[in-house]
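Enquirer: Quick one, structure for this:
(one chain, ligands or ions: 1)
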Amino acid sequence: MSGEARGSKSPSSSPKEDLAPPDTPRFDKGRRNSSIEKLIVAVRIRPLPAGETERCLHQLDRERIVVEEVEREKEKHLRSKRPTEKQFNYDIVLGEDATQDDVYQATTKNLVRDVLLGYNGTVFAYGATGSGKTHTMVGQSGGKNVGIMVRALNELFQYIETRKQRYTVTMSYLEIYNENIRDLLNPESGFLELREDSSKGSGYVQVSGLTETIANSTEEVMALLTRGNKQRSCESTASNRTSSRSHALLSVTVHNTRPIHEHNVMKTRIRQGRLFMIDLAGSERASHTKNIGKRLKEGAHINRSLLALGNCINALSGSNSNKYVNYRDSKLTRLLREALSGNCKTVMIAHVNPGLSHREESKNTLVYAARATGISHKVERNQLDVSFQISQYRSVIADLRNEISRLKHKISDDGDENDITNAEPSSKARDPELPNGDVEPNMKRVQNGELLASLEEEDEEKVNGEDGIGGGVVGNGGDPPLENQEKKAPGKVRKFREQIVSTFREQMRLRRKLMDIDGHLLSLGVEAERQHLIISQWESKHNKLYRGRPPSTHAQDDTTSEYLWNEHDRVNMHQAWSDLSYIEREQEKYVNLRSETVKKLDQVREKSVALEDELPSRLDSDTEKELLCLLIRVHELEADKMALQGERLVESHELRRRGEMLVRFHRQQKITDDIITRQRQIMEEERMNLPSDLQDLYSLYQQEIHATSYPVDTSGIPYTAYDALPPIHSKEILSNYGSTISNGSDVPLRISTSGGSSNSSDVESVSVLPPIQRTTLTAKQPGRRNYNIIEENETETVEDIRVPRDGTNHNFKQARDTPSPVPPPILFPPISNDLRKY
Ligand SMILES: Nc1ncnc2c1ncn2[C@@H]1O[C@H](COP(=O)(O)OP(=O)(O)OP(=O)(O)O)[C@@H](O)[C@H]1O
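Expert: Model prediction:
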């Protein structure tokens, strides 16, 4: 082990010291932006498992372990001087009595500090099954036995909470189980793929689709960690009652920005450190574990990936500088590549069981661990100092991007949830009680003009912020406002910038106006639908189609009217019609205003593009150009954001309007159905001969009705309830698609295939139509079938029936004389009390 390696053995150097602030002079070494670091190897010896008394290894001191060798009988005589034990040296040896805190302090505490300084760090637990890896990394929740993961995160957050600087912490947690990667924070996402990101260097891999969660507090992180741990693949094996069958990788990224002064120039220092904490699955010998089946397969996968890791360690520890290291053999080594040879400070905690029966596994672990002590590589701090203004823009752009993607997701989520074209109208939309009482919050705000006001406020803030180029848009922890910086800018730049800002302001003003107009137009549309609904509600209540425009004040003179209007109806209908004509006038006015505003907006946009085009020729300095480009970009993103907000508003109004329309259509459909059914009833009773084309149309209508399947029949009785009733009649019926059987009374009829239910493959659907109960069967195939005829509360035999291919109806009136106890069925939801008053 080289002197330098020993010198950089930070994990064990001061186990009891507190985490010092990252920028104190103590960390001069860290201030150098790159250094050669060796992989730190710690060995933890777990206590002897219960029932084992004999041991095979011993801790000599804080750095050495000895393993007793087994001497074969023959060798004992042949080589009497042969040493009987083997000694191994490591950076740190933690004995059986080491506490969880001792292990954390000695191995990981300094990595946490390094991560805050902008380095990447990895700590991974290695060893045979049952040797204590999960105990070290995860431990037991709460109390003194919590593991490294919780301790590191705790310390990280404790530190961040005491600092004013801006930190963002994100985390992800995955497992590799049978060579498949699963997101432990979002297990529903299925298996994830590894993707190579060549932009970050050859072999740099990322897990595509892995959830990267922003964590704000220790509690939040703990909750995430607990959730992830519950998802881990863990089984009981002969060697370990709670054996982890997967490798678990927890990654915590700390992003920090802070202002610095360098040579009287204000800059922003960006640092990003990443800490991986890995609990590997344990290597196992099939003969020892006695695993079979699934466990054996898991074991094979675990061993293969650990073998690949061992090979990498072997290759990396060799003295040849041109060594070839094959990381591609397993997903584990591909993911650990950065930790083993890249820009990362790494600590390996090898775990051994001192019991005699575990000698082979423990010795193998010790051999690998000893090899790993020879690994060293160059580590660099991830730090970038950028011009303060540029960093502010970057930050604003990042915030806006996030906001835009959040809005986009929201729009698409809402679209999926509310896809009215595919779905039945929602209960909200169908229930006419809701139009007034349950409007979306956005809608309410639009109707009250509040949305606009709040948007204006929001934009005021943003536009005002621009006076200082984004000063105030992003909190900068009490740093000098950007205006001060800007005042120093040369006059030419300032003038150009003012032009850009004023064009942008105008753009935003017009966009706001457009949103206002759109909002108003949309609420007018919804209101118009509502008035139509009120009118159709009235028509439905009176079972009459409304004829023409307002009876209004002339209604009392309308002596030809077939019905008499009461005063209440007259006032309400008059109100509805006059509201409708007002709405139409308003719509016309706002449509014109909209097209004028769009025209103006296009002109301003053109002006803004022209300014951007002029930028290279009007400015000399690259920094100025970059600044103004970023300014334009910020504006564009602001504009995008506003456009998306507008889009969302439009969508929510549109959904609402469609909901109202559907309620109206359903009401119209109900009236139509009632008319058709009653006409049909009269025709049947009068035994009228129908023209064949009308008969065809009627059959078509029935088919359409039957295409809609209801889980509950129209009288509210679940279909399954019929299946419990005994069949009153079983008959072979020659059925046709859309054949109707009616019993001439309001007792529901039910038909199912002989011995089966209506769900059988022969019958596609059965429905009951008002007002006379008819059970209509829609067979998948024409032809003869056996059907059971079931009537609720009915035991008498119904006459044999035969439904011919032409779909002629069969009336059982003569076979029935018992009045039905079942109330008349209702096809659509009851009319709400709210609308009934109209
Ligand atoms: N240092 C220790 N002190 C007390 N108990 C320990 C220690 N190490 C391990 N154990 C106990 O031994 C058992 C096995 O440990 P653990 O599950 O951590 O092993 P592992 O190496 O993760 O095994 P696998 O690879 O099968 O998942 C557990 O009940 C654990 O609590």
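Enquirer: and the closest residue to Thr218 other than its chain neighbours, what helix or strand is that in?
Expert: Excluding its sequence neighbours, the residue lying closest to Thr218 (CB to CB, 6 or more residues apart in numbering) is Phe157, at 4.2 Å. Any C-beta I mention is one placed from the backbone N, CA and C, and that applies to glycine too. Using DSSP states H and E, Phe157 maps to helix 148-161.
Enquirer: by contact count, what packs against the next helix or strand after that helix?
Expert: As assigned by DSSP H and E, the chain's next helix or strand after helix 148-161 is strand 166-177. When contacts are defined as 3 or more CB pairs under 8 Å, 6 or more residues apart in numbering; DSSP states H and E, strand 166-177 packs onto helix 148-161, strand 180-183, strand 213-215, helix 218-231, strand 247-262, helix 293-317, helix 331-341.
Enquirer: Turn those into TSV, columns for mean pLDDT, distance to the ligand and mean neighbour count.
Expert: Formatted as TSV, the helices and strands packed on strand 166-177 follow (pLDDT from 0 to 100; distance: least, CB to the nearest ligand atom, whole Å; neighbours: other CB atoms under 10 Å):
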stretch	mean pLDDT	distance to the ligand	mean neighbour count
helix 148-161	90	12	20
strand 180-183	89	16	20
strand 213-215	83	25	16
helix 218-231	82	12	17
strand 247-262	85	10	20
helix 293-317	72	8	18
helix 331-341	83	14	23
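Enquirer: In TSV, list the ones you listed along with distance to Glu54.
Expert: Putting the helices and strands packed on strand 166-177 into TSV (distance: least, CB to CB, whole Å) gives the following:
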stretch	distance to Glu54
helix 148-161	30
strand 180-183	40
strand 213-215	46
helix 218-231	34
strand 247-262	31
helix 293-317	26
helix 331-341	33
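Enquirer: quick revisit: state the distance from the residue nearest to Thr218 to Ala350.
Expert: 29 Å (CB to CB, to the nearest Å).
Enquirer: Also His532?
Expert: The value you get for His532 to Ala350, if CB to CB is used, is 76 Å.
Enquirer: Quick check: phi and psi on the residue of the stretch 101-250 of the chain found nearest the ligand?
Expert: Proximity of the stretch 101-250 of the chain to the ligand (CB to the nearest ligand atom) peaks at Gly132, 2.7 Å away. Dihedral angles of Gly132 (phi, psi; degrees, to the nearest 10) stand at phi 110, psi 20.
Enquirer: Which residues does the helix holding Phe157 contact?
Expert: Residues outside helix 148-161 that contact it (CB atoms under 8 Å, 6 or more residues apart in numbering): 19, 100-101, 103-104, 107-109, 111-112, 115-116, 123, 136-139, 141, 167, 169, 171, 217-218, 221-222, 225, 250, 252, 254, 275, 277.
Enquirer: would you list every one of the helices in the stretch 501-650 of the chain?
Expert: Listed in chain order, the helices found in the stretch 501-650 of the chain under DSSP state H, counting those that start in this stretch are 567-618, 622-685.
Enquirer: for those, which one sits closest to the ligand?
Expert: Nearest of those to the ligand, taken as CB to the nearest ligand atom: helix 622-685 at 47.4 Å.
Enquirer: mean confidence score for that closest one?
Expert: In this model, helix 622-685 has a mean pLDDT of 75.
Enquirer: list the helices and strands it packs on?
Expert: If contacts are counted by 3+ CB pairs under 8 Å, 6+ apart, helix 622-685 sits against helix 388-417, helix 427-430, helix 441-448, helix 450-466, helix 491-542, helix 567-618, helix 692-707.
Enquirer: circling back: please say which of His532 and Ala350 ends up with more neighbours.
Expert: Set His532 next to Ala350 and count neighbours by other CB atoms under 10 Å: Ala350 wins out with 28 against 16.
Enquirer: give me phi/psi at that one?
Expert: With angles defined as degrees, to the nearest 10, Ala350 shows backbone torsions of phi -90, psi 140.
Enquirer: cool, Lys38 as well?
Expert: Residue torsions, per degrees, to the nearest 10, at Lys38 are phi -100, psi 160.
Enquirer: Do I have it right that it meets Val379?
Expert: No: counting by CB atoms under 8 Å, Val379 is not a contact partner of Lys38; they are 9.9 Å apart.
Enquirer: Which residue is the nearest non-sequential neighbour of Arg166?
Expert: In space, and not counting its chain neighbours, Arg166 is closest to Thr257: 5.0 Å by CB to CB, 6+ apart.
Enquirer: Could you do Ile278 as well?
Expert: Phe124 (3.8 Å).
Enquirer: Specify the local secondary structure of that neighbour.
Expert: The assignment at Phe124 comes out as strand when based on DSSP: H, G, I helix; E, B strand; the rest coil.
Enquirer: Pretty sure it sits against Ala339.
Expert: Yes: using CB under 8 Å, Phe124 is in contact with Ala339, at 7.1 Å.
Enquirer: shared neighbours of the two, which are they?
Expert: Joint contacts of Phe124 and Ala339 (CB under 8 Å, 6+ apart) are 276, 278, 346.
Enquirer: hmm, back to that, kindly compare burial across the helices of the stretch 501-650 of the chain and name the winner.
Expert: Using mean count of other CB atoms under 10 Å, the stretch among the helices of the stretch 501-650 of the chain with the largest mean neighbour count is helix 622-685, at a mean of 17.
Enquirer: Run through the residues of this protein sitting next to the ligand.
Expert: For the chain, the contact set with the ligand under CB under 6 Å from any ligand atom comprises 46-47, 127, 129-135, 240, 242-244, 281-282, 351.
Enquirer: pLDDT-wise, what's the bottom of the shared contacts of Phe124 and Ala339?
Expert: Ranked by pLDDT, the shared contacts of Phe124 and Ala339 bottom out at Thr346, which has 89.
Enquirer: Provide the strand pairings for the helix or strand that one falls within, with the direction of each partner.
Expert: Using DSSP H and E, Thr346 sits in strand 345-352. Partners of strand 345-352 in the sheet, by DSSP bridges, are strand 40-45 (parallel), strand 120-127 (parallel).
Enquirer: What residues of whatever helix or strand comes next after it count as buried?
Expert: Per DSSP H and E, the first helix or strand lying C-terminal to strand 345-352 is helix 359-372. For helix 359-372, burial by neighbour count (16 or more other CB atoms under 10 Å) applies to 359, 361-366, 368-372.
Enquirer: Could you identify the buried members of the residues of the chain next to the ligand?
Expert: Buried, going by 16+ other CB under 10 Å: 46, 127, 129-135, 240, 243-244, 281-282, 351, out of those.
Enquirer: Kindly confirm whether my reading is correct that Ile92 touches Glu63.
Expert: Yes: using CB under 8 Å, Ile92 is in contact with Glu63, at 6.9 Å.
Enquirer: on that earlier part again, kindly export the helix holding Phe157 (C-alpha atoms) in PDB.
Expert: C-alpha atoms of helix 148-161 as PDB (Å, rounded to 0.1, in the frame of the first residue of the first chain):
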ATOM      1  CA  ILE A 148     -25.200   3.600   6.900                       C
ATOM      2  CA  MET A 149     -27.800   4.700   4.500                       C
ATOM      3  CA  VAL A 150     -29.900   6.400   7.100                       C
ATOM      4  CA  ARG A 151     -27.000   7.800   9.000                       C
ATOM      5  CA  ALA A 152     -25.500   9.300   5.900                       C
ATOM      6  CA  LEU A 153     -28.700  10.900   4.800                       C
ATOM      7  CA  ASN A 154     -29.400  12.200   8.300                       C
ATOM      8  CA  GLU A 155     -26.000  13.800   8.400                       C
ATOM      9  CA  LEU A 156     -26.400  15.300   5.000                       C
ATOM     10  CA  PHE A 157     -29.600  17.000   5.800                       C
ATOM     11  CA  GLN A 158     -28.400  18.100   9.200                       C
ATOM     12  CA  TYR A 159     -25.600  19.800   7.500                       C
ATOM     13  CA  ILE A 160     -27.700  21.400   4.800                       C
ATOM     14  CA  GLU A 161     -30.200  22.700   7.200                       C
END
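Enquirer: the inter-axis angle of it versus strand 247-262?
Expert: Helix 148-161 and strand 247-262 meet at an angle of 20 degrees, taking axes from the mean of the first three to the mean of the last three CA atoms, to 10 degrees as the criterion.
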